[in-house]
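[1] Fold the stuff below for me.
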Amino acid sequence: MPDDAAAARAAAEEESAFSHTPVDPDATAPYGTHPDQVIDFYAPRTAQGASAPLVVLLHGGAWRARYDRRHVTPLADFLARKGFAVANVEYRRGGEAPAEGRTPPAGRWPDTFDDVAAALDALPALAREAVPGADARRTVLTGHSAGGHLALWAAARHVLPQDSPWRIPEAAPLRGVVALAPIADFTVAEELDVCENASLQLLGGKDHFEERRPYADPALLLPTGIATTLVQGRADLVVPQAVGEAYAEAAARAGEMAGLTLLEDVGHFPLIDPAADACAVVAEEIAQLAW
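    Predicted structure coming up:
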């Protein structure tokens, strides 16, 4: 259990990250018929020439319905002010809430994965229409927490099992992935009870966890051949450092180097908080891949 000081700091960080006024997008486009199957687009706010790299942003929230894309709109705006075009992706999350007093379930199988795959497939055409200045040839995937998992997963679709409906024949043309405190290794996440067994729920519970992990766990989808960096706070009490380290170790065993940027005295939420120094580090990591 964290000590009182660590818990108080984590609470203050979360309060700061959620204190910003949501920022409306410049355009919104559907990629399906469900209300959650939409992408918000933010045009770059600075003059960088004829085109700008495209950052695909996947929000976190343990794949649960109570967290939607609105809480990362200040981050989307922050990145747009750094000169990026941004696509903020919504997707279907946890189903109906359980009995009063219990945590809502995490994710929907297979809907959550269906949506992320469909959004990424539709994105180049949608971006051309919504943000003409976006250069899809310089696309970087990023995401926070559960969204970091989805970013890693989306970049690894070409190495999914052959019978996966989400598999694509070759690697997507990405500049790379910057995953922010991602739930990147489901075995370690479950050992640490990350987000109240969210990854176990995402895969449908104990009866399905092991059989579905090869289709969903980024630590099993290596090597990808795509430049990947994880950004992680050493003081993260939500998704501990050990989860990111496990992914980096799995990548190394697969013959691939995944970057792991560890930030001292930083918890879970400063990575998406434009008021925090950690958010500037995130933008720089994205820039190093995109530019």
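[2] can you dump the C-alpha coordinates of the top helix by length along the chain into PDB?
    If you go by DSSP state H, the chain has its longest helix at helix 111-130. Extracted in PDB, the C-alpha atoms of helix 111-130 (Å, rounded to 0.1, in the frame of the first residue of the first chain):
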ATOM      1  CA  ASP A 111     -16.100  -4.800 -29.500                       C
ATOM      2  CA  THR A 112     -13.200  -2.700 -28.100                       C
ATOM      3  CA  PHE A 113     -10.700  -4.300 -30.400                       C
ATOM      4  CA  ASP A 114     -13.100  -4.200 -33.300                       C
ATOM      5  CA  ASP A 115     -13.400  -0.500 -32.900                       C
ATOM      6  CA  VAL A 116      -9.700   0.300 -32.600                       C
ATOM      7  CA  ALA A 117      -9.000  -1.800 -35.700                       C
ATOM      8  CA  ALA A 118     -11.800  -0.200 -37.600                       C
ATOM      9  CA  ALA A 119     -10.700   3.300 -36.600                       C
ATOM     10  CA  LEU A 120      -7.100   2.800 -37.600                       C
ATOM     11  CA  ASP A 121      -8.200   1.300 -41.000                       C
ATOM     12  CA  ALA A 122     -10.500   4.300 -41.700                       C
ATOM     13  CA  LEU A 123      -8.200   6.900 -40.300                       C
ATOM     14  CA  PRO A 124      -6.100   7.900 -43.400                       C
ATOM     15  CA  ALA A 125      -9.200   8.700 -45.500                       C
ATOM     16  CA  LEU A 126     -10.900  10.500 -42.600                       C
ATOM     17  CA  ALA A 127      -7.900  12.500 -41.800                       C
ATOM     18  CA  ARG A 128      -7.500  13.700 -45.400                       C
ATOM     19  CA  GLU A 129     -11.000  15.000 -45.300                       C
ATOM     20  CA  ALA A 130     -11.000  16.500 -41.800                       C
END
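[3] what's it in contact with?
    Here helix 111-130 makes contact (CB atoms under 8 Å, 6 or more residues apart in numbering) with 26-29, 31-32, 34, 36-37, 39, 41, 54, 56, 58, 63, 85, 87, 89, 91-93, 134, 136, 139, 150, 153-154, 157, 165-166, 172, 202, 215-216. Heads up, the C-betas are built off the backbone N, CA and C, glycines and all.
[4] Over to stretch 11-28?
    38-43, 70-71, 73-74, 76-77, 88, 130-131, 267-270, 272-276.
[5] Repeat the analysis, applying 7 Å as the threshold.
    For stretch 11-28, the external contacting residues (CB atoms under 7 Å, 6 or more residues apart in numbering) are 38, 40-43, 70-71, 73-74, 76-77, 88, 130-131, 267, 269-270, 272-276.
[6] Among those, which are located in helices?
    Filtering the contacts of stretch 11-28 for helices - DSSP H - leaves 73-74, 76-77, 130.
[7] ok, which pair from the residues you listed is furthest apart?
    Spanning the widest gap among these are Pro74 and Ala130, at 19.7 Å by CB to CB.
[8] Show me the strands in this structure, by range?
    27-30, 38-42, 52-58, 85-89, 134-144, 176-180, 228-233, 259-263 (DSSP state E).
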